[in-house]
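Chemist: Sequence plus the predicted model coming up.
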Amino acid sequence: MTITESVLLTLSNSDDYRAFRKALKNGMLPKESMDLIKLLGDYYAAEGCSEIDWKGFHNWIQLRHSNHGSIGEFNAIMGHFIESGNCNGDANDSVYQLLLDRARAVELSEIALDIAEGGSTSWDAVKDALERYISDSKALSRAMSRTVAGTEENLLETLTSVKSNTGMKWCLPTLDRMLGRLSSELVFVAARPDGGKTTFLAHNAWNWASQTPEGKCVLWFNNEESMTKVQRRVWCSALGKHESEILEDINGSNLEYRKIVPNGRIVYIDDADDVSVVEAALNKYSPSVIIMDQLYKIRGMETKSKEGNDAERFRALCNWARDIAKHVAPVVATNQLDGSAEGVMYPTMNMLYGSKTGAQGEADIILTIGRIPSENDKRFIHTPKNKVTSSDEQSIVILDRFRARYYDYAAGNGY
């Protein structure tokens, strides 16, 4: 496919034409190609259409512009475009990104020029334009990942990912063995209230952050505990210290913590109780892992659910979270276990609070944390659903609530 044909496909609807036309400057394409693109805009205006009919466009050129100096070149371009079947293809993502970059640059230059000349445009317009560019680029990146996911090479990579140990390591060797590496899964971590869910997240969050490259982050959406309390627990877990020990030497603790978790590697979004808050942050940041504590409390799916009840709303939320896990980054979400799990060593899937089949159907992994009153800080973990390794292993761990860490009971030592 020629570059001209790729550009034509990118402009195959009137919205994209309006958005990208200014990005196409003289010299980027041969003159006859630029003339053809100008006529494409005339065609949209004359016919009032939003989607292009390439054969209709070609016929329109021949009827309306038969005397154009480049009619021969137009016929050659359009003839090959249509006869080869290239006109039925999809726009090239790299061409789309190039035009997006140039279109936003043109928009920014026009805003800056108006400000420089004393126009009415404010600096907020620069910020808004940059945010639109970031949002559009992230959306394009997710769309590109959907396309790549269908290739045979990517399928082979997916099938061998567990064997090759790609992805993020968990905080305990036991979890790596049970769950495999974290790559593009929706994982539910479920327990009774005060059963150790937030400690589980805290221990894993700094561990994932230490594996995260520059420019990426662990993105933590919080709608459960106090954000300050959550951050303190992450600090305690990362340093392996009681909070009182950290407060004795705050500056030293900060330096030690930043060696483990560089600045910006964990981003906390508080009061993340609506779908719109989550999606705005996904457009702003580039996460390697996404934590949702708790998914059930996120609103915004009420109008999208068919029946309007809580179970259907939660099913829609789970479907939404799974789509994010597949196309953006793995999602680790917490959920409560209902009263039937009280005192149960290894809770089952049907004990998930608020879910009839939603979480059970959408999750790749469901990990439950059980406890029994007589066993104090022992916790009992297993995976009643595990599509990654198929392991249904049951394991005993120790919860150190003061240092916000888990330890393998069988190993008898720390992380």
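Modeler: Nice, thanks for sending it over.

Chemist: Tell me the secondary structure at Ile366.
Modeler: When classified by DSSP: H, G, I helix; E, B strand; the rest coil, Ile366 comes out as strand.

Chemist: Low-confidence ranges, this protein, go.
Modeler: Within the chain, the segments meeting pLDDT under 70 span 23, 25-28, 91-104, 106-107, 129, 132-166, 302-308, 356, 411-415.

Chemist: which phi and psi does Phe314 have?
Modeler: phi -70, psi -40 (degrees, to the nearest 10).

Chemist: just Gly354 next, same as before
Modeler: Dihedral angles (degrees, to the nearest 10) for Gly354: phi 80, psi 0.

Chemist: How about the contacts made by it?
Modeler: Neighbouring residues of Gly354 by Cβ atoms under 8 Å, 6 or more residues apart in numbering: 296, 310-311, 314, 335-336. (C-beta placed from N, C-alpha, C; glycine too.)

Chemist: Of these, which belong to strands?
Modeler: Mapping these onto strands (DSSP state E) picks out 335-336.

Chemist: closest to Pro173 among the contacts of Gly354?
Modeler: Lowest distance from Pro173 to these (Cβ to Cβ) belongs to Asn335, with 25.0 Å.

Chemist: list the helices and strands the lengthiest strand in the chain packs on?
Modeler: Longest strand of the chain, by residue count under DSSP E: strand 378-386. Strand 378-386 sits against helix 173-179, strand 365-370, strand 394-400, with contacts defined as 3 or more Cβ pairs under 8 Å, 6 or more residues apart in numbering; DSSP states H and E.

Chemist: Quick check: which of these is buried the most?
Modeler: strand 365-370 (a mean of 25; mean count of other Cβ atoms under 10 Å).

Chemist: Just the CA atoms of that strand, as PDB, please.
Modeler: C-alpha atoms of strand 365-370 as PDB (Å, rounded to 0.1, in the frame of the first residue of the first chain):
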ATOM      1  CA  ILE A 365      -7.900 -15.400  38.700                       C
ATOM      2  CA  ILE A 366      -9.900 -15.300  42.000                       C
ATOM      3  CA  LEU A 367      -7.700 -15.500  45.000                       C
ATOM      4  CA  THR A 368      -9.400 -15.700  48.400                       C
ATOM      5  CA  ILE A 369      -7.900 -15.000  51.800                       C
ATOM      6  CA  GLY A 370      -9.500 -17.000  54.600                       C
END
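
Chemist: For the most centrally placed residue in the chain, give me phi and psi.
Modeler: When the chain is reduced to its mean C-alpha position, the closest residue under Cα atoms, centre = their mean turns out to be Val328, at 2.7 Å. Here is the backbone geometry of Val328 (degrees, to the nearest 10): phi -120, psi -70.

Chemist: my guess is it contacts Tyr285, does it?
Modeler: No: in this structure Val328 lies outside contact range of Tyr285 using Cβ atoms under 8 Å: 10.1 Å.

Chemist: Look up how far Ala359 lies from Met168.
Modeler: 21 Å (Cβ to Cβ, to the nearest Å).

Chemist: and the two? which has more neighbours close in?
Modeler: Neighbours per residue, other Cβ atoms under 10 Å: of Met168 and Ala359, the larger number sits with Ala359, 27 against 20.

Chemist: shouldn't the more buried one be in contact with Gln336?
Modeler: No: with contact defined as Cβ under 8 Å, Ala359 and Gln336 do not form a contacting pair (11.1 Å).

Chemist: Mutual contacts of these two, please.
Modeler: Counting by Cβ under 8 Å, 6+ apart, the contacts common to Ala359 and Gln336 are Leu352.

Chemist: quick one, what contacts Cys87?
Modeler: 5, 8-9, 54, 81.

Chemist: if you set the cut-off to 10 Å instead, what comes out?
Modeler: Counting by Cβ atoms under 10 Å, 6 or more residues apart in numbering, Cys87 touches 1, 5, 8-9, 12, 52-55, 57-58, 78, 80-81.

Chemist: before we move on, what about Tyr285?
Modeler: Counting by Cβ under 10 Å, 6+ apart, Tyr285 makes contact with 134, 138, 215-219, 264, 267, 269, 329.

Chemist: out of those, which are buried?
Modeler: Neighbour counting by 16 or more other Cβ atoms under 10 Å classes 138, 216-219, 267, 269, 329 among the contacts of Tyr285 as buried.

Chemist: Identify, from those, the entry nearest to Ile398.
Modeler: Distances from Ile398 to the buried ones among the contacts of Tyr285, taken by Cβ to Cβ, are shortest for Val218, at 24.0 Å.

Chemist: Tell me the residue in this protein that is farthest from the middle.
Modeler: For the chain, the largest distance from the centre (Cα atoms, centre = their mean) belongs to Asn67, which lies 51.4 Å off.
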